[in-house]
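# test case, fold it:
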Amino acid sequence: MKNIHALIRKAPFVFALLIVCTAAIFSFALDAWFLPTQGTLLILQLAVVITALLGNKQSAIFAGVLSGLIFNYFFTIPRFSLHMANVHDIVNLSIFLIVAVLTGFMAEFYKAKQEALERAELRASILMSVSHDLRTPLSTIIGSLGTLKEYQHRLPDQEREELLQGALEESHRLHRYIENLLQATKLHQGIKLNSVNQGLLPIVNNVIKRFENERVTIEQADMIPNITASGYLLEQAIYNVVDNALKYSPSECSVMLRFAVEDNLVHLDVVDEGPGIGWEQKEAVFDLFFSTRTGDSGYGGSGIGLTVAKGIIEAHHGRISILPSNKGCTVRISLPSVGSE
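Alright, predicted model coming up:
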């Protein structure tokens, strides 16, 4: 399925050609059983509709014209000629071409409306999320700074330090949330990568430096192939996965990052010792705003970090998945090595 989507995206006219040829072969098979010409037109029309819904307007029109030529050459009298002697066939072909062109335009109109609806739903979801997830860090920051301003001369040094540290931590949390929110919006609109040939290990090392946390450890690996990636974006994706692992792991447990190479893929596994993820939720955790939190209470994230990670990794033609694990959770990031795409 992933290969089909890639073909549609990169070569819509090749996809249209394959669909129309498949419909033509199917029509040939049924023609041997005396399929009426109207039936052949319906099968070819179905090929145009499929192309229009999955491809674009141009590929749909191309499919319509190609289907018309195939119908004319192979299924009308005289056969194997572009000449048509039957007026009925000429009328049928004319109607077919008109419907094919209209189908392309209507499919494009439908897609535009669908994208507009999705953007509206995204804006509504973002507003709901912002109203909730900005409230807690902002309240903490305002409360801590307000207390410091009002009572700073009467507070012990340790309490002042704790208030400042709490405000700083919530500020970083707020920054991460806004950054992920912006990336989620960009990904929804279609992100453009400025990718270069580089190693994955330096990117992972940058992630570890950002945490400055001894709990994050890395299992070094030799001979890791290079990847083609946008370093900043991929770093953000890996950061989100590691941050999620730290959040759900006991404070005394480590989070291990390890590499593996398989065929033309470079794997990065993020392994934690937390409560794990239920197998029924292994796909849902990557959905936008999915969280284990209930209402305003409970423990859970904003439901953006892993969604952004998935979007960035898929933009790099990679995949993120949850691996089966007896203990904790293992998130695997798989990226194509240089020369494998």
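
# does residue 201 lie in a helix or a strand, and which?
Remark: residue 201 resides in helix 200-211, with elements defined by DSSP states H and E.

# quick check: buried residues in the helix or strand following that helix?
Using DSSP H and E, the next helix or strand after helix 200-211 towards the C-terminus is strand 216-219. By neighbour count on 16 or more other C-beta atoms under 10 Å, the buried set for strand 216-219 is 216, 218. C-beta here means a position set from N, CA and C on the backbone, and glycine is covered the same way.

# distance from the following helix or strand past strand 216-219 to the middle of the chain?
Using DSSP H and E, the helix or strand that follows strand 216-219 towards the C-terminus is strand 227-229. Centroid separation for strand 227-229 versus its chain: 17 Å, with C-alpha atoms, centre = their mean, to the nearest Å.

# and the helix or strand following strand 227-229, what does it pack onto?
Next along the chain after strand 227-229, taking DSSP H and E as the criterion, comes helix 231-248. Under the contact criterion of 3 or more C-beta pairs under 8 Å, 6 or more residues apart in numbering; DSSP states H and E, helix 231-248 touches helix 157-189, helix 200-211, strand 255-262, strand 265-272, helix 305-315, strand 329-336.

# burial count for residue 316?
Here the neighbour count serves as a burial measure; for residue 316 (other C-beta atoms under 10 Å) it reads 20.

# with residue 256 instead?
The criterion is other C-beta under 10 Å. On that basis, residue 256 has 18 neighbouring residues.

# beta-bridge partners for it, please?
residue 217, residue 271 (DSSP bridges).

# contacts only, for it.
Listed by C-beta atoms under 8 Å, 6 or more residues apart in numbering, the contact set of residue 256 reads 217, 218, 219, 269, 270, 271, 272.

# re the thing from before, which one of the helices and strands packed on helix 231-248 lies closest to residue 228?
Distance to residue 228, taken as C-beta to C-beta, is lowest for strand 329-336 among the helices and strands packed on helix 231-248, at 7.8 Å.

# pLDDT of that closest one, averaged?
Over the span of strand 329-336, the pLDDT mean works out to 93.

# who does it touch, helix- and strand-wise?
Secondary-structure packing of strand 329-336 (3+ C-beta pairs under 8 Å, 6+ apart): strand 227-229, helix 231-248, strand 265-272, helix 305-315, strand 319-323.

# 10 Å - rerun?
Secondary-structure packing of strand 329-336 (3 or more C-beta pairs under 10 Å, 6 or more residues apart in numbering; DSSP states H and E): helix 200-211, strand 227-229, helix 231-248, strand 255-262, strand 265-272, helix 305-315, strand 319-323.

# pick out the shakiest of the ones you listed, pLDDT-wise.
Ranked by mean pLDDT, the helices and strands packed on strand 329-336 bottom out at helix 305-315, which scores a mean of 83.

# can you point out the buried residues in that one?
Of all the residues in helix 305-315, those buried under the rule 16+ other C-beta under 10 Å are 305, 306, 307, 308, 309, 310, 311, 312, 313, 315.

# model confidence for residue 131, exactly?
If you check residue 131, the pLDDT there is 59.

# about what we covered before: just curious, which of the buried residues of helix 305-315 is nearest to residue 73?
Taking C-beta to C-beta as the measure, residue 73 sits nearest to residue 315 out of those, at 42.1 Å.

# measure the closest one to residue 203 for me?
In this view, residue 315 and residue 203 are 15 Å apart by C-beta to C-beta, to the nearest Å.

# ok, residue 269 next?
In this structure, residue 269 and residue 203 are 15 Å apart, going by C-beta to C-beta.

# which one of those two has more residues nearby?
The residue with more neighbours, out of residue 269 and residue 203 and counting by other C-beta under 10 Å, is residue 203; that gives 21 against 18.

# ok, the more buried one touching residue 242?
No. Here residue 203 does not reach residue 242: they are 11.9 Å apart, not a contact under C-beta atoms under 10 Å.

# ok, residue 10 - how many residues close by?
For residue 10, the neighbour count with other C-beta under 10 Å is 9.

# same check on residue 20?
Residues near residue 20, counting by other C-beta under 10 Å, number 23.

# need the phi and psi values for it.
Note on residue 20: its backbone torsions stand at phi -70, psi -40 [degrees, to the nearest 10].

# how close does it sit to residue 93?
For residue 20, the distance to residue 93 under the criterion C-beta to C-beta works out to 15 Å.

# what's the answer for residue 80, then?
Separation of residue 80 from residue 93 (C-beta to C-beta) stands at 16 Å.

# who has more neighbours out of these two?
Counting neighbours by other C-beta under 10 Å for residue 80 and for residue 93 shows that residue 93 has the greater number, 20 against 6.

# so what's that one closest to, chain neighbours aside?
The spatial neighbour of residue 93 that comes closest, neighbours along the chain excluded (C-beta to C-beta, 6 or more residues apart in numbering), is residue 68 at 5.6 Å.

# what distance separates the helix or strand that contains that neighbour from the centre of its chain?
Counting by DSSP H and E, the secondary-structure element that holds residue 68 is helix 57-75. Offset of helix 57-75 from its chain centre (C-alpha atoms, centre = their mean): 33 Å.

# for that helix, name the packing helices and strands.
When contacts are defined as 3+ C-beta pairs under 10 Å, 6+ apart, helix 57-75 packs onto helix 12-31, helix 37-54, helix 87-133.
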